[in-house]
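*Asks:* The following block contains a protein sequence and its predicted model.
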Amino acid sequence: GRSGGAPGALACAALLPERVTRTAALVPIAPRDAEDLDWFAGMAASNVREYTTAAADPEELTARLIPRASGIARDPGRLLDELRRELTASDRMIVSDAGLRSMLLRNYREGVRTSAFGWIDDMLAASSPWGFDPADIRCPVLIWHGELDVFSPVGHARWLGRRIPGATTTIDPDAAHFAALRALPGVLTWLLRELPAPSVEEQQPA
């Protein structure tokens, strides 16, 4: 799971342990109620505003995102244009890549194709308790983050890395949020790596 999708991947690891063998979380956000974490530290002003509104006034968030989603459905490039002033130099370079930009624009259009409510639900979920403790995850977990990320600040990844038993946390000092797209091939290779066969005691009868 990447960015706001990372909590969903971690939820599967925690709540479906019999079905999940490995989990990767790229530029993740941490639980809104995480102890000993300044959740907004290092976060871009636009995200602080949206997450604060999601927690305090969901109706206002809904009223704000519905027209934005309509505009993005017509012209998904406007979302990148809105974000541009908050992008780091490294992120600007990544989203200027024609292939990556095209992929992002397709994703943005698809995300709001029928309505804004998937986006709204994600914002509300990110601003609420997760309903599970990351400390309960028992499968191998890889966390990847860019030190310069202003949309999901790196403190979130460090918090998750401390909380999840045995997690491997990789921090790229020169990367920001969208660099996760370039890290993805290596992460997928890690996810597909064969696991050791279970011991006889762990094997279930046929």
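*Replies:* Cool, the structure landed.
*Asks:* Low-confidence ranges, the chain, go.
*Replies:* For the chain, the stretches flagged by pLDDT under 70 are 195-206.
*Asks:* Would you mind listing the buried residues in the helix ranked longest in the chain?
*Replies:* Longest among the helix segments of the chain by residue count, using DSSP state H, is helix 58-74. The neighbour-count check on helix 58-74 (16 or more other Cβ atoms under 10 Å) flags 61, 62, 64, 65, 69, 72, 73 as buried. (C-beta placed from N, C-alpha, C; glycine too.)
*Asks:* Save these as JSON lines, and put in distance to residue 167 too.
*Replies:* As requested, the buried residues of helix 58-74 are arranged in JSON lines below (distance: Cβ to Cβ, whole Å):
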{"residue": "61", "distance to residue 167": "31"}
{"residue": "62", "distance to residue 167": "35"}
{"residue": "64", "distance to residue 167": "35"}
{"residue": "65", "distance to residue 167": "32"}
{"residue": "69", "distance to residue 167": "34"}
{"residue": "72", "distance to residue 167": "34"}
{"residue": "73", "distance to residue 167": "37"}
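*Asks:* helix, strand or coil for residue 91?
*Replies:* Three-state call for residue 91 (DSSP: H, G, I helix; E, B strand; the rest coil): helix.
*Asks:* any idea how far residue 11 is from it?
*Replies:* Residue 91 sits 27 Å away from residue 11, going by Cβ to Cβ, to the nearest Å.
*Asks:* what's the answer for residue 36, then?
*Replies:* Taking Cβ to Cβ as the measure, residue 36 falls 21 Å from residue 11.
*Asks:* and these two? which has more neighbours close in?
*Replies:* residue 11 (19 against 7; other Cβ atoms under 10 Å).
*Asks:* In contact with the more buried one, which residues?
*Replies:* Residue 11 sits next to 130, 131, 132 when contact means Cβ atoms under 8 Å, 6 or more residues apart in numbering.
*Asks:* all strands of this protein, in order?
*Replies:* In the chain, the strands defined using DSSP state E lie at 23-26, 141-146, 168-172.
*Asks:* so how far is the first one off the chain centroid?
*Replies:* Relative to the centre of its chain, strand 23-26 is centred 9 Å away, using Cα atoms, centre = their mean, to the nearest Å.
*Asks:* Against which helices or strands is that strand packed?
*Replies:* Strand 23-26 sits against helix 6-15, strand 141-146, helix 180-192, with contacts defined as 3 or more Cβ pairs under 8 Å, 6 or more residues apart in numbering; DSSP states H and E.
*Asks:* Pairing partners for the shortest one, with directions?
*Replies:* Put plainly, it is strand 141-146. Its sheet considered, strand 141-146 pairs with strand 23-26 (parallel), strand 168-172 (parallel) by DSSP bridges.
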